[in-house]
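Colleague: Okay, predicted coordinates and the sequence, questions at the end:
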Amino acid sequence: MNEAQTEAIANADAHTSNAALPTYSELVEALRRLSDTYDRYSATGRRHQPAAVQATALLNRIPG
C-alpha cells in the first residue's frame, strides 16, 4: 500500500469514527474474518459465532 492509500484510509477511519459509523478498517477486518471463517467451516456447515457477532455489531452501527 502506498502513502496516499494509507493516508486515505486513515482519513476515512477518522471521519467515519467521528460520525459513530464503522470505520473502513473495521469493515475490512470483519470481511476478512468472515471470509476466513467461511473458507474454514463452510464444508462442515459449522458457524463461527464471534465473527458473526462482530459483523452484526458493525452493521448495527450503520443507520438505516
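Modeller: Done, it's in.
Colleague: list the buried ones in stretch 23-37?
Modeller: Taking 16 or more other CB atoms under 10 Å as the basis for neighbour counts, the residues of stretch 23-37 that come out buried are Thr23, Tyr24, Glu26, Leu27, Ala30, Arg33, Thr37. Placement of C-beta: from N, CA and C, glycine included.
Colleague: which non-adjacent residue is nearest the fourth one?
Modeller: Leaving out its chain neighbours, the residue that sits closest to Leu27 by CB to CB, 6 or more residues apart in numbering is Leu58, at 6.3 Å.
Colleague: related to what we said a few turns ago, with the buried residues of stretch 23-37 in mind, which one is nearest to Gln5?
Modeller: The nearest member of the buried residues of stretch 23-37 to Gln5, counting by CB to CB, is Tyr24 at 11.0 Å.
Colleague: Hmm, Ala10 and that closest one touching each other?
Modeller: No: judged on CB atoms under 8 Å, Tyr24 makes no contact with Ala10 at a distance of 9.2 Å.
Colleague: could the buried residues of stretch 23-37 go into TSV alongside distance to Pro50, pLDDT and secondary structure?
Modeller: Conversion of the buried residues of stretch 23-37 to TSV gives the following (distance: CB to CB, whole Å; pLDDT from 0 to 100; DSSP: H, G, I helix; E, B strand; the rest coil):
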residue	distance to Pro50	pLDDT	secondary structure
Thr23	19	91	coil
Tyr24	21	88	helix
Glu26	14	90	helix
Leu27	16	87	helix
Ala30	11	84	helix
Arg33	8	81	helix
Thr37	9	75	helix
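Colleague: and the residues you listed as TSV, adding distance to Ala14?
Modeller: Written out in TSV, the entries for the buried residues of stretch 23-37 read as follows (distance: CB to CB, whole Å):
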residue	distance to Ala14
Thr23	8
Tyr24	10
Glu26	13
Leu27	15
Ala30	19
Arg33	23
Thr37	29
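Colleague: Out of the residues you listed, which comes closest to Ala4?
Modeller: When the buried residues of stretch 23-37 are compared against Ala4 (criterion: CB to CB), the nearest one is Tyr24, at 14.6 Å.
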